[in-house]
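Engineer: Build me a model:
(chains A, B and C)
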Amino acid sequence: MKHDRKKNLTTEFYLLVFLAVVLVFLGVFAKGFYSINNIMSILNVYSYVLISAIGMNMIILTGNIDVSTGALISVVCLVIAAIGKLGATFPVLLITAMVVGMLLSAFNAFFITKLKIPAIVATLATTQIFQGSLTLAVEGSIYDLPATYTWLAFKAKVFGIIPFSFVMCVIITVIALLFMKYSRFSKKIYAVGNSTESARLTGINVNRTVFLTYVIAGALFGVSGVIVGTAGQRVTTTMGSGLEMTFIAAVVLGGTSTAGGSGRILGTVIGALILASISSAITYLGISTNWADFIKGAIILISVLVSALRTVKRKRSIPGKAGVQAS
Amino acid sequence: MGETILELKGIVKAFPGVLALGGIDFDLKSGEVHAICGENGAGKSTLMKVVCGVYPPDKGVIRVNGKEETFANPVEAYEKGVSIIFQETSLFEEMTVLDNMFLAHEITRKAGPLTVLDYAAMRQKAQDVFRRLAVDIDLNAIIKNLGMAQKQMVEIAKALTYEANIIIFDEPTASLTQREVDALFRIINQLKADGMGIVYISHRMEEIFQICDRVTVIRDGMYISTKDIQQTNKDELVADMVGRKVGNYYPKADTQIGDELLRVEHYYDEGFVSDVNFTLRKGEILGFAGLAGAGRTELMLSLCGHAKKAAGKVVLEGQEVHIRNYNDAMAHGIVYVSEDRGKYGLHVDMSVAHNITLPQLRNFRKGIFLSSKQEHDIGEQYISEVGIKAPSPEFMVKNLSGGNQQKVSVSKALAIKPKILVLDEPTRGVDVNAKSEIHKIISDLTLDGLTIIMVSSELPELLGMCDRIYVMKDGTIAKCFDRSEATQEKILSVALETAREEKEAAQ
Amino acid sequence: MKKFKFSFNLVLLLIWAAIFVAIAAMAPTFLKPDYIINTMLRNIVEIGMVALPMTLIIITGGMDLSVGSMMILCAVFGGSAAAAWGTGAGVAVTILVGLACGLINGLIIAKAKISEMVTTLATMYLFMGLSRGYTEAGSVYAYNFASWMGNTEVLGLPIQIWIYAVLAVVFVLLLHHTAFGRKLFAIGLNSSAAKYSGVNVEKIKITLYVLCGLICALASFIYLGRFSSVKYDSGTNFNLKVITVVVLGGTSIVGGSGDMKGTLVATLIIATLNSGLTVLNIPIATQTVVQGTVLLIALVAFAIMNQAKSRRRGAPKSAEPKSVS
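Structural biologist: Next comes the predicted model:
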């Protein structure tokens, strides 16, 4: 039985080794990567990537996905910019962002749970609606935002140096780790992802579980939206474009199966750090940022392939499992 | 033995086209192990699924611990003290042992204003249960990494965490080794001593005599008898299971049996069948009998090219052939008709004609396009030849009865003009009339020179139709009977004989 | 069943007619033949073309989200090759890139058994990222063959409309009148039963994705010619527009049923809607919202129709005896 535990550790263990290799490599080849400023900027990126990736992880654990997250964050950014312009302070911005995130995510979940539309198609369609509505509502961008609005990015530093966003990220991560370990709800998420049919037979309300998971994730997307949106005095309609891909990459890289039912927050924590480091490193390595999308796409594809090949191997070792049922 | 804790009265359950249970009575007392036995398809598992709320009964009363109950799902049954341990475990593969044991009824505690999972308490309770069962399984292990026996232990332990006093075992020993079976029996005796009632579904005689107190026999969904184990014997039970059916008419035609058509030597398919040798002569109907899981279906699938890693020598009409996929098999004239029509045999959302032409669409073309006229014609042809009750070849298969669907399945195979037709459970899930019609069709086919392999769990069908019968057990052929010497009793006793020591050695 | 399909296409045609008449009533310029040909029809060709193989893929229960990225990647590499080595190289590279991308999708889906959605979502980013990295986010310009494909008139109609028309006929025949097409339905309805009928599911899936890549390559010539330059992000949301057309045309998003003629009519509806909104001076952003809304409405309508159908059929599938032993 000890054997099994070892097997479970390996995903996170390999990730940590990979992370260490990446960090050492960057230390040697990327001049200036370990400067204080860069580390703080990585921490800021890491914060919003990880907060959303935790939400995305929960969604993927249920066997669904959300590709509208980028557009959703764009909406959040513009909404808080609009009230920020009126002088709203950080707590108001944060709560508004979370509420908007939850509402939009519930909109997604409605189509997925009530109308049984495959998550990827439903969220692709809502991406259009979110993005399109934005461009309709706002001509170009909202700018000249007051200092109260950009407080998080420029003023909120712990010990004068560590970004407050990182503190938020740590708090949320700790809560998420505890939630996934100590809540009854987390067990339902895993059960639904393992087998909706068995979950239903066990008396779990599958639709309700998926719906709530999306809503929780929506709140987390909202928090990320605040970090992304308050980074400057100007907010455009495409602040979040393409971010969903980074989040999905972090989750998949962290060892969560896209089929649902298996994967841990801890993996996502490391996966997000690897991605945040790589994004930043691209500049320091003298590679054009234009290659960032390609690198992330390749990371998603390779992680999915590796985990699929591992499953295939495992299946082969259990005779009788893959075959047709006996009469 | 104590008071009655589970009582079934007149349970009726019908599925489209079949009466699965026709009024079953059953009772279970505390502190006893009560076996339900019957042939494959007799309705044992269906009965227990009705009890646990997987299927709602059409008629009848279920009384648990003196109260009348109907369960909407297995969880409700659990909560009222009835647990079922299925053949296929219903555990969540990617979750830990502990999570599985307490899913949907976790123990919680208060942490300030929050209700949180109380792992210490759950662990404690799980350990208590494990200690009671005298098993040792790591609570943090992931289910998919456990063996079959361990998964079963987890299911039993899960049942005990619900404070169940009735546990139903559905063929629990099907995939266990002898040592694991011994361990299981020790646990069952333990539970019995604790005053629980156990329903033990099996058709393995020696197990029933080893562990059970009473035995109820059902046959074709009907209640036959209930006996004290001390006052009965194996022969009597087998006779009850088999029945002395009169007026069973099998329209077997007298055919000229020719030379050897197919010879299979040292056939091997990892995990399913090993060292299978048999011969098939032209014009005969060759039967394959055996228990569920004996490897009959797997052998046929491998022979028809559906297995990737099969090995062995297959000689067809004197020439060794290599069948790599189903198209190879069809090209050599070997055609397989699946036991599971809905899943593997037919496209129920397609028309009769389109089902028949699917395996050989290239033969129904005019130029490069499909010819709907040719498709229609072959549909018409088989509708009249095989007697499919469908208004037209364009009729959707899903709107046909089970028997007529099976006829479409057979037509689809016949249209390929096979030399060897492999029929896997050809009459499963069809009613009595359609059954004899299908038997007639099979018989007529041999008159046309076709050779047939028939896999069936219904012994009367095999005895009535086949020229020779091979009995399979544990993935290999145990014995071959000629038509003249075969009886249900002989076949059953070969199929039931323990060969566990061999299995043990093989592992 | 036949009758139902016929009436469904009829309904689609009526919807199209209604939209057409409504827009024409509001903006008479809409009725000018020049507008119909050069705006309404010409602008939809790429989407319409890719919707053809997409219909086939969705019928098998699959999905290709990478079509937009594939098309742009073909244009980017083809255009660059043409600039460096001439037109011949440009054409050859475009086709090869399309085939290669399709093959990557097909192999991963059929051999590694990774879900269609996840695979093509990843390759969508991968192909787009490759375009972006390779062009350094710059533009790639049309060369003579692409310009010719995008801007030539033959017998009074732009050449791409002719190409589309030919392809449309080929695909209708392919889906509804060939063995290949029948096998696609068989896979979508029940892929195990198809396998047990000797249908080579893996091979057909790979073929489909390669075919889709090839059509994307073809569409990329027209796209590049029509706009005379492309950037890496020109293909954003192209996949969605294509899926909208297919779903609106009555193909079930879960596979197993569909009609190529429905896809053709749906293409016409979307073309009319897009050009109509333009002629009515409604901003592009609204068109995006309309696009997403139309897709959702189509999906919801079919979901409701399916639920009604399965309710009428009576017992749910799980109630059937799986193994009665």
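
Engineer: In contact with A:G140, which residues?
Structural biologist: By C-beta atoms under 8 Å, 6 or more residues apart in numbering or on different chains, the residues touching A:G140 are A:T236, A:T237. In short, each C-beta sits where N, CA and C put it, glycine included.

Engineer: gap between it and A:A250?
Structural biologist: A:G140 is 31 Å from A:A250, where distance means C-beta to C-beta, to the nearest Å.

Engineer: Can you identify each of the strands in the stretch 151-300 of chain A by residue range?
Structural biologist: A:157-158, A:162-163, A:235-236 (DSSP state E, counting those that start in this stretch).

Engineer: repeat for chain C
Structural biologist: Ranges of strands in chain C, per DSSP state E, are C:140-141, C:153-154, C:157-158, C:229-230.

Engineer: what's the average pLDDT for the first one?
Structural biologist: For strand C:140-141, mean pLDDT rounds to 92.

Engineer: With the last one instead?
Structural biologist: Confidence for strand C:229-230, expressed as mean pLDDT, is 92.

Engineer: out of the strands of the stretch 151-300 of chain A, nearest to chain C?
Structural biologist: Closest to chain C of those is strand A:235-236 (C-beta to the nearest C-beta; 13.6 Å).

Engineer: Please determine whether that closest one lies in contact with chain C.
Structural biologist: No. Strand A:235-236 stays clear of chain C (C-beta under 8 Å from any C-beta of the partner chain), getting no nearer than 13.6 Å.

Engineer: burial count for A:N64?
Structural biologist: 24 (other C-beta atoms under 10 Å in any protein chain shown).

Engineer: check contacts around residue 221.
Structural biologist: You didn't pick a chain, so chain A it is. A:S52, A:G55, A:T69, A:L72, A:I73, A:V76, A:G101, A:S105.

Engineer: my question was about chain C
Structural biologist: C:A75, C:G78, C:V91, C:T94, C:F145, C:A146, C:M149, C:G150 are the contacts of C:F221 under C-beta under 8 Å, 6+ apart.

Engineer: Tell me the spacing between it and C:C74.
Structural biologist: 8 Å.

Engineer: Can you pull the residues that touch both of those two?
Structural biologist: Going by C-beta under 8 Å, 6+ apart, residues that sit against C:F221 and also against C:C74 are C:T94.

Engineer: give me the number of residues near B:Q127?
Structural biologist: Residues contacting B:Q127 under the criterion other C-beta under 10 Å number 12.

Engineer: give me the element it is part of.
Structural biologist: Using DSSP states H and E, B:Q127 maps to helix B:119-133.

Engineer: distance between that helix and the chain's centre?
Structural biologist: 34 Å (C-alpha atoms, centre = their mean, to the nearest Å).

Engineer: Likewise for stretch B:409-426?
Structural biologist: 21 Å.

Engineer: what about that stretch and chain A, any contact?
Structural biologist: Yes. Among the residues of stretch B:409-426, B:D424, B:E425 lie within reach of chain A under C-beta under 8 Å from any C-beta.

Engineer: How confident was the prediction at C:K32?
Structural biologist: 87.

Engineer: What about it, how many residues nearby?
Structural biologist: 12.

Engineer: right, and B:E461 touches B:T427 too?
Structural biologist: Yes. The pair B:E461 / B:T427 is scored as a contact, 6.4 Å apart, by C-beta atoms under 8 Å.

Engineer: Tell me the residues that contact both of the two, please.
Structural biologist: B:K435, B:H439.

Engineer: Need the contact partners of stretch B:36-45.
Structural biologist: Applying C-beta under 8 Å, 6+ apart, the contact partners of stretch B:36-45 are A:327, B:20-21, B:24, B:26, B:47-48, B:87, B:170-171, B:199-203, B:208, B:215-221, B:224, B:237, B:241-242, B:291-292, B:428, B:457-459, C:323-325.

Engineer: gap between B:A310 and B:V471?
Structural biologist: As judged by C-beta to C-beta, B:A310 and B:V471 stand 21 Å apart.

Engineer: which residues in the stretch 301-450 of chain B form helices?
Structural biologist: B:326-331, B:352-357, B:372-382, B:402-414, B:432-447 (DSSP state H, counting those that start in this stretch).
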